[in-house]
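Engineer: Structure for the following, please:
(chains A and B)
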Amino acid sequence: MLIELDAVSKIYNQGRANEVNALTDVSLTIAPNSMVCLMGASGSGKSTLLGILGCVFPPTSGRAAIAGKQLSRLPDRFLTIHRRQTIGFIFQQFNLLPSLSVLENITLPLLPLGVAPKARKQRAGALMTQLGIGHREKFPAGQISGGEMQRVAIARALINDPPIILADEPTAHLDSRLSLEFMEIMAGLKAAGKTVVIASHDSLVTGHRAIEQLITIKDGRIHVP
Amino acid sequence: MIQQLLEKHLNILDYALSSLWRRRLKNGGVMLVFAAVIFLLASFQMLTSTLTKAAGDVLAQAPEITIQQMRAGRQESMPLAYREKLAGIFGIRKIVPRIWGYYFDESTLANYTVMALDPTTMPRGRDLRTALAEGELPGQETNGEVAIGAALLAIMNQGERKAFSLFRPDLTLKPLTIIGVFRPDTDLLTGDLMLMNMNDARDLFALPADRVTDLCVYVTNPAEIDTIAKKIAARLPDTRVLTRPQILKTYQVVFNWRSGFASICLLAALAAFIILAWDKASGLSPEERREIGILKILGWETADILAIRFWESLLLSALAYLLGCTAAYLHVAFFEAGLFRPIMIGWSVLRPALRLVPAISAGDLLLIFCFSVLPYLAATVIPAWRCATVPPDAAIR
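Structural biologist: Presented below is the predicted three-dimensional model:
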């Protein structure tokens, strides 16, 4: 799916004393079936850009579109529906619900879609086997290792089979071996036809061979060296 | 499409159930407190309905019209000859003279109700016999026989003895013998009752032979009670004419007044609980806010999150409602509403020992539901809606 941003800006707390210009006049195009890395220091605006790409919130101004559909004009409900059909999220903190089991965490996105328990288990089972966490199915997510949590988060992002995967600092809490392992999984997803966008300042990510496009963000603007 | 929608709501219900289970300690505590408040409210409602029904059942045996003479706003004895003045009023089936008075016993510090009439002259006089648990009704030609209420028998502490004495107004002793005891389930009206014949009552109260305290009028057609009562009042202007519906209404007013007073106190407790629930729901914990944020980012709509809250609150409050109402039923049926008897039945020395058969209508249950479950749902779902509408990124930051 083609991702297009045209003169996108995002201002938090607009009109208040604590107003923050997180993104200013950002324009970029991400081709379908590509693997892109958004690079930049902490606070540069990477996560905000990822949030707009992921339909978490609309831009303050400018045009953001996925496969030609304008996100900036969609009301909140349709943004949510578009998000669950199109986007798979992987977070820095994994954002699992620790008291739920691994299986329950992975199948969370399927509940509001009305997928029956048997079908949910089948789809999650295939992903867990693929990612090597099948033996942790019934474990509470709060009681597994960091690497396993990362895989659970990946499985959860893939459970709806979305065409776009967004990852926000996915290797921040992983050692180098697990980070490389993660990047190999992402490369595999790209090879399977998905568009992968990773926000990171980790050299293991930015320097990975599968990354096709490196976009540097500085102070909320795309930085051209 | 419909299958998918149904499946979606089953999934959400399943999630709500597991969410309740995950926080089982907190939710269990809330449910128990809520159930306790509902138990108190339902107990009062059931006890009021039960007592009103019991009074109605017992009063079904009472005369349709009672005539008493009033002077200076107070009741006094009336000439027996008033009976003749009512002759010719169409619809009167029977007029039965009665003596009704009170006796204060200094040894037990209790007031006894003394009643005398001739059951054989009453239209359904034989029915009075069925109210006895043991023994006989006093004969009309005998001397010094009484039938008494079960509560009265207990407080008199007679043991195996049947004979006792009461003081006449001139302080001479009137010897009496217990020959019958009324059933405890009629205690509401017979608990403090001492039934004797007219001669003994006149002797005990030093009442002249030509006077009684009231006349009981039985009518042929109950639909004409009010019309006949008006005719009697016109013929005997110095009397008070009471109809059975009026007496029943007085009982209802007394029970409803007591129940209403207590209900106001309990509703205040319920209101405090609802305010607490609102306060708790509007200030979600960081963990709960984070959960909402994660679910929203994963594609859950605001309506889905609200549906979880709705199911959680409905399950919790419905369970509390069932628990509270069941406990109230058991409290009234098997423990004779022990917690509220003094408030509802009175603080008299002679407390009626009723065997209550709970009487509760669908309307009562609906009323309790509306005053408990619905406010709780509103108090938890509305604040949850405010939290569910926050942007998902704000919730997980």
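
Engineer: domain ranges for chain B?
Structural biologist: Domain assignment for chain B by automatic domain parsing gives B:2-57+B:251-395, B:92-219.

Engineer: okay if I get those domains as JSON lines plus mean neighbour count, distance to chain A and mean pLDDT?
Structural biologist: Any C-beta I mention is one placed from the backbone N, CA and C, and that applies to glycine too. Shown next, in JSON lines, are these (neighbours: other Cβ atoms under 10 Å in any protein chain shown; distance: least, Cβ to the nearest Cβ, whole Å; pLDDT from 0 to 100):
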{"stretch": "domain B:2-57+B:251-395", "mean neighbour count": "18", "distance to chain A": "3", "mean pLDDT": "78"}
{"stretch": "domain B:92-219", "mean neighbour count": "17", "distance to chain A": "54", "mean pLDDT": "87"}
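
Engineer: where exactly do the helices run in chain B?
Structural biologist: Residue ranges of the helices in chain B, as given by DSSP state H, are B:2-22, B:24-59, B:82-85, B:125-130, B:150-156, B:187-190, B:198-205, B:225-235, B:244-282, B:286-297, B:302-334, B:341-345, B:362-388, B:392-396.

Engineer: and what of chain A?
Structural biologist: Along chain A, the segments classed as helices by DSSP H run A:46-53, A:76-86, A:102-107, A:117-131, A:146-158, A:176-191, A:203-206.

Engineer: neighbouring contacts of the worst-scoring helix or strand of chain A on mean pLDDT?
Structural biologist: Every helix and strand of chain A was ranked by mean pLDDT, DSSP states H and E. The lowest is strand A:69-70, at a mean of 80. The contact list for strand A:69-70, computed with Cβ atoms under 8 Å, 6 or more residues apart in numbering or on different chains, reads A:63-64, A:82.

Engineer: Nearest to chain B among those residues?
Structural biologist: Nearest to chain B among the contacts of strand A:69-70: A:H82, at 9.3 Å, using Cβ to the nearest Cβ.

Engineer: Not counting sequence-adjacent ones, nearest residue to the closest residue to chain B within chain A?
Structural biologist: Nearest residue of chain A to chain B, counting by Cβ to the nearest Cβ: A:R84, 2.5 Å away. Closest residue in space to A:R84, ignoring its immediate chain neighbours: B:G299 at 2.5 Å, by Cβ to Cβ, 6 or more residues apart in numbering or on different chains.

Engineer: one step back: now for the residue of chain A closest to chain B, how many residues are close by?
Structural biologist: Each residue near A:R84 was counted by other Cβ atoms under 10 Å in any protein chain shown, and the total is 21.

Engineer: again, but for the one 4 residues further on
Structural biologist: Burial of A:G88 is recorded as 28 neighbouring residues (other Cβ under 10 Å).

Engineer: any idea how far A:L53 is from it?
Structural biologist: According to Cβ to Cβ, to the nearest Å, A:G88 stands 12 Å off from A:L53.

Engineer: List the residues that are in contact with both of the two.
Structural biologist: Here A:G88 and A:L53 have A:164, A:166 as joint contacts, going by Cβ under 8 Å, 6+ apart.

Engineer: residue nearest the centroid of chain A?
Structural biologist: Centrality entry for chain A: nearest residue to the mean C-alpha point is A:L166, 2.1 Å, by Cα atoms, centre = their mean.

Engineer: And the nearest residue to B:V96 once chain neighbours are set aside, how close does it get to B:K231?
Structural biologist: In this structure, B:V96 finds its nearest non-sequential neighbour in B:C216, 4.4 Å apart by Cβ to Cβ, 6+ apart. Computed with Cβ to Cβ, the distance linking B:C216 and B:K231 is 16 Å.

Engineer: Enumerate the residues of chain A near chain B.
Structural biologist: Proximity of chain A to chain B (Cβ under 8 Å from any Cβ of the partner chain) is limited to residues A:51, A:54, A:56-57, A:76-77, A:80-81, A:83-85, A:89, A:91, A:95, A:97, A:99-100, A:104, A:108-117, A:156, A:160.
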